[in-house]
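> when you get a sec, could you give me coordinates for this:
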Amino acid sequence: VSKPIMEDGELIFIQTNSRDITERRHSEEKLRLSEERFKALFQNSLDVVLIISEYAMLENATPSFEKQLGYTVSDWIGKPVQELVHPEQVAVFNKAIETILHRKDSDLILRIQFKNKDQQWIWMELKAASAISTPTIQGIIVSLRNISEYIEIEKTLQHYSDRITGMLHSITDGFIAVDR
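I've put the predicted structure just below:
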């Protein structure tokens with residue numbers, strides 16, 4: 001900012017104030033790079049990451065929401081996430097959200113089924129944490145990972161375990177296991 005100093009209509013000198021904004025420019029650049037890095041992580045995550053309100057309304061989601069579930073994010077903004085949760089698990093989901101909201105530093109992990117666009121149920125591992133008090137988020141961060149294959153493998157292993165246990169229990173004669 002410059003201001004001319006006059007005396008008797010004649011310019012005596014020019015008063016100038018200046019400020020070094022180099023540090024501020026460096027800080028702005030660091031912030032911009034950090035935002036770009038975060039956006040790249042958010043946009044390229046294989047897991048579904050949701051930001052939901054305290055009432056479980058969808059506020060934002062990663063593009064993997066569409067890849068994993070088949071819905072467009074814009075179609076679900078402002079809708080209750082419970083509509084995607086298996087009806088038998090809605091109460092568990094609601095209790096989890098309530099727990100997250102009422103306990104500081106609460107972190108929660110559970111297995112739950114979500115309905116995809118093809119009306120099929122997909123097993124997801126849900127991890128949630130509150131960011132309600134974070135001014136830039138003001139919501140609950142929910143991370144979802146598709147674990148359907150793992151659930152099927154567990155079921156298969158349980159089936160074989162049950163068969164083997166059943167066979168062992170049905171043996172009426174003696175049985176000896178030998179380890180070489």
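
> partners of Lys3 in the sheet?
Gln15 (DSSP bridges).

> neighbours of it, how many?
10 (other C-beta atoms under 10 Å). C-beta here means a position set from N, CA and C on the backbone, and glycine is covered the same way.

> gap between it and Ile100?
Distance, Lys3 to Ile100, using C-beta to C-beta, to the nearest Å: 56 Å.

> ok, now Ser161?
35 Å.

> of these two, who's got more company?
Each of Ser161 and Ile100 has its neighbours counted (other C-beta under 10 Å); Ile100 has more, 22 against 10.

> quick one, what contacts that one?
Contacts here follow C-beta atoms under 8 Å, 6 or more residues apart in numbering; on that basis Ile100 touches 106, 108, 128-130, 140.

> now those in CSV, with distance to Asp75, neighbour count and secondary structure?
Formatted as CSV, the contacts of Ile100 follow (distance: C-beta to C-beta, whole Å; neighbours: other C-beta atoms under 10 Å; DSSP: H, G, I helix; E, B strand; the rest coil):
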residue, distance to Asp75, neighbour count, secondary structure
Ser106, 30, 13, coil
Leu108, 27, 17, strand
Ala128, 22, 23, strand
Ala129, 25, 13, strand
Ser130, 26, 22, strand
Ile140, 20, 24, strand
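
> what segments of this protein are helices?
22-43, 64-69, 73-76, 90-102, 148-170 (DSSP state H).

> from the chain's centroid, how far away is the third one?
Okay, so that is helix 73-76. 16 Å (C-alpha atoms, centre = their mean, to the nearest Å).

> tell me where the model's unsure across the protein.
Under the criterion pLDDT under 70, the flagged ranges of the chain are 104-106, 173-175.

> any idea which of the helices of the chain is most buried?
helix 64-69 (a mean of 18; mean count of other C-beta atoms under 10 Å).
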